[in-house]
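Chemist: From the sequence below, what's the structure:
(2 chains)
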Amino acid sequence: AQRVTQPEKLLSVFKGAPVELKCNYSYSGSPELFWYVQYSRQRLQLLLRHISRESIKGFTADLNKGETSFHLKKPFAQEEDSAMYYCALKAPKLSEKLTFGTGTRLTIIP
Amino acid sequence: DSGVTQTPKHLITATGQRVTLRCSPRSGDLSVYWYQQSLDQGLQFLIQYYNGEERAKGNILERFSAQQFPDLHSELNLSSLELGDSALYFCASSADSRGSPLHFGNGTRLTVT
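Modeler: A predicted model of the protein is given here:
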């Protein structure tokens, strides 16, 4: 069965410093990976997906199949990045559901 | 707002009772997903419906059931409630049956006392 691990429950970073939110997964096939974000008092929303290879709000994530990781990175943190971040995996040939990690709460220190 | 709507926002009930959570998907979306988020747990997938039919099932208890109606809204029924059922229940919708991207509602917070 697929599994998503986010080892850090809490992460605090100074404004302007680089950010890396870790995500590791277990799945033997070719997964689709996503990052979802929930800002304060807002609903959970898609941040980015690996197949799009895009940068959203300065964030990027690269799928590393060798390390089975999909870490979320941003070179310079901004205060508005404070939020709850969830990594999610879809195993296309097994199911259409998304399997989520337990989330990391990112706090940007001014 | 034509986003995903969940009602009620909060629900407090006693053990042994039964509740119904309601979800209206985003306009045009055919798939509805239910997730449970307990303390210290990630989002646990419960069940998915697509255009009225059950599509995928996760770790959903037998005490729980769901359905999607012809107008595409969905209901999650939780019965014989236990203290451990206290959680945030999220509904999400997507345009197709392949599930991405998901658009989430604000959730219903259920407290069982």
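Chemist: May I have the secondary structure class of the most centrally placed residue in chain B?
Modeler: Central residue of chain B (Cα atoms, centre = their mean): residue B:34, 3.4 Å from the mean position. Under DSSP: H, G, I helix; E, B strand; the rest coil, the three-state class of residue B:34 is strand.
Chemist: shouldn't it be in contact with residue B:43?
Modeler: No. Taking contacts as Cβ atoms under 8 Å, residue B:34 lies outside contact range of residue B:43: 10.2 Å. For the C-beta atoms, the positions are set from N, CA and C on the backbone; glycine is no exception.
Chemist: so what sits against both of these two?
Modeler: Residues touching both residue B:34 and residue B:43 by Cβ atoms under 8 Å, 6 or more residues apart in numbering or on different chains: residue B:90.
Chemist: Would you enumerate the residues in contact with the residue nearest to the centre of chain B?
Modeler: Residue B:34 sits next to B:23, B:45, B:46, B:47, B:48, B:60, B:66, B:74, B:76, B:89, B:90, B:91 when contact means Cβ under 8 Å, 6+ apart.
Chemist: next helix or strand past the helix or strand hosting the fifth one?
Modeler: According to DSSP states H and E, residue B:48 maps onto strand B:43-50. Tracing the chain past strand B:43-50, the next element assigned as helix or strand by DSSP H and E is strand B:53-57.
Chemist: helices and strands around the helix or strand following that following strand, which ones?
Modeler: As assigned by DSSP H and E, the chain's next helix or strand after strand B:53-57 is strand B:64-68. The contact analysis (3 or more Cβ pairs under 8 Å, 6 or more residues apart in numbering or on different chains; DSSP states H and E) places strand B:64-68 against strand B:43-50, strand B:74-78.
Chemist: quick one: contacts of the longest one?
Modeler: Identification of contacts with strand B:43-50 by Cβ under 8 Å, 6+ apart yields A:86, A:88, A:96-100, B:30-38, B:54-60, B:64, B:66-68, B:74, B:76, B:90, B:97, B:99.
Chemist: Also the last one?
Modeler: Judged by Cβ under 8 Å, 6+ apart, the contacts made with strand B:74-78 from elsewhere in the structure are B:18-23, B:25, B:32, B:34, B:46-47, B:49, B:63-69, B:85, B:89, B:91, B:110.
Chemist: quick one: that strand to chain centroid distance?
Modeler: Its chain's C-alpha centre and that of strand B:74-78 lie 6 Å apart, by Cα atoms, centre = their mean, to the nearest Å.
Chemist: List buried residues within the contacts of strand B:43-50.
Modeler: For these, a burial check counting by 16 or more other Cβ atoms under 10 Å in any protein chain shown picks out A:86, A:88, A:96-100, B:30-37, B:55-56, B:58, B:60, B:64, B:66, B:68, B:74, B:76, B:90, B:99.
Chemist: quick revisit: out of everything not next to it in sequence, what's closest to the residue nearest to the centre of chain B?
Modeler: Here the nearest residue to residue B:34 in space, its sequence neighbours aside, is residue B:46; by Cβ to Cβ, 6 or more residues apart in numbering or on different chains that works out to 4.2 Å.
Chemist: Can you pull the residues of chain A lying near chain B?
Modeler: Within chain A, the residues that sit near chain B (Cβ under 8 Å from any Cβ of the partner chain) are A:4, A:6, A:32, A:34, A:36, A:43-46, A:49, A:86, A:88, A:90, A:92, A:95-103.
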